[in-house]
Each structure stands twice: as structure tokens, then as C-alpha cells.
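>>> quick one: sequence and predicted model below, then my questions.
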Amino acid sequence: MGRSGAVRTAPTADLIRAELSAIRDLLDLAFDGRFDDHDWDHALGGLHTLIVQDGVLVAHGSVVQRRFLLDGRTLRCGYVEAVAVHPEFRGRGLAAAVMGEAERLIDGGYDLGALSASESGRGLYLARGWRLWPGPTAVLSPTGVVRTPEDDDSTLVRMTGALDGGTLVCDWRDGDVW
């Protein structure tokens with residue numbers, strides 16, 4: 001899985017079955033059994049940031065590409081998924097290290113970064129300069145654009161331009177759309 005303690009970045013396609021299994025096990029443990037198959041699917045297909053210590057995966061995050069709509073234009077979004085730290089390794093800056101690499105990927109390859117933060121995780125992202133999206137959120141569903149007011153207060157973004165609001169519309173996916 002890479003040098004001990006170093007952040008490694010790898011596309012899903014380059015991870016072997018044992019690495020994918022270790023990631024899923026970490027996510028199940030870190031999210032206390034509240035990480036379902038849809039969440040797992042959302043974490044795949046992009047780039048993974050991984051930290052291994054003494055042969056044990058201790059931290060993970062994913063950046064996956066999504067398409068967002070804002071004010072009549074499409075945006076290439078680096079969407080952050082599945083950020084987790086093994087419970088025995090929390091409080092050591094590992095989530096910050098994972099996010100530092102995720103932010104490097106977003107800043108270099110996307111129009112904006114976005115994520116849906118839990119109440120307990122929000123502080124990490126806000127301290128790193130992520131901002132609450134100032135406008136409403138919605139999803140481009142199979143039946144058209146549908147407002148997602150339940151996600152208005154948990155959607156955080158990272159972008160170089162002004163956060164002027166407007167309705168931020170994410171692409172459709174099974175499970176939680178944000």
C-alpha cells in the first residue's frame with residue numbers, strides 16, 4: 001500500500017482487491033456500520049488518498065468527478081467522498097493530510113470542489129477554507145431538477161471564484177445524491 005505514513009494517491013483501477021477490501025473495512029469501522037453499499041459505490045471510480053502505518057490502512061479519502069450545474073453552465077466538480085481515519089489513529093492530523101492531497105487534486109483539475117459534511121466533520125473542512133454553499137441545492141433527477149433543501153446546510157464547496165450563490169445542482173446517483 002505504499003510507504004508507511006506517506007500519503008499515496010491511486011486511481012481505483014490501480015488498487016488490488018486486498019487494498020479495496022482494506023478501504024471498505026476502514027470505512028465500515030470509521031463510520032460505525034453506517035457506510036452502505038451506495039456510499040461505497042460513490043467512493044469508487046476516482047482517485048483515492050491513502051495513509052498506511054506499519055502495514056495498516058489508517059486514513060482514506062476519495063475525489064471523484066461529478067458534473068454540477070450553476071447559472072446555466074456545467075462545472076467539473078472534484079467531489080470528496082469517504083474521508084475516514086481509523087478510530088485508534090484519530091487526532092494525529094491524518095484527516096488533514098488526506099484532505100491536503102484531495103485539495104491539491106481538486107485545485108489542479110476541477111472547476112470546484114464539493115462535499116457533504118456531517119455535523120461532526122464540518123469543523124475539519126471549514127478550518128481548511130471550505131465554505132458552506134450560500135444558495136440552495138438541487139439534483140438533476142430522472143424527472144428533472146428537484147430541490148434538496150435537506151442538503152442546503154451540509155454542502156461545502158472549494159472554489160477560486162466568488163461564492164455568489166444561485167442554485168447548485170448536482171448530477172443524479174443512487175443513494176444520497178449529495
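Structure's in. What do you need?
>>> may I ask you to name the longest helix in this structure?
Identified as the longest helix of the chain according to DSSP state H is helix 94-109.
>>> the helix or strand just after that helix pairs with which strands, parallel or anti?
For helix 94-109, the following helix or strand on the C-terminal side (DSSP states H and E) is strand 112-116. In the sheet containing strand 112-116, its partner strands are strand 73-85 (parallel), strand 155-158 (antiparallel), by DSSP bridges.
>>> so which of the ones you listed comes closest to D107?
strand 155-158 (7.7 Å; C-beta to C-beta). In this view, the C-beta of every residue, glycine as well, is placed from N, C-alpha and C.
>>> any idea how many residues pack against L168?
Applying other C-beta atoms under 10 Å, we find 27 residues neighbouring L168.
>>> quick one, the longest strand along the chain and strand 73-85 angle?
What stands out as the longest strand in the chain, according to DSSP state E, is strand 56-70. Computed by axes from the mean of the first three to the mean of the last three C-alpha atoms, to 10 degrees, the angle separating strand 56-70 from strand 73-85 equals 160 degrees.
>>> quick check: D14 vs H48, distance?
Going from D14 to H48 by C-beta to C-beta, to the nearest Å gives 9 Å.
>>> more neighbours: these two, which one.
Neighbour count, other C-beta under 10 Å: between D14 and H48, H48 has more, with 26 against 10.
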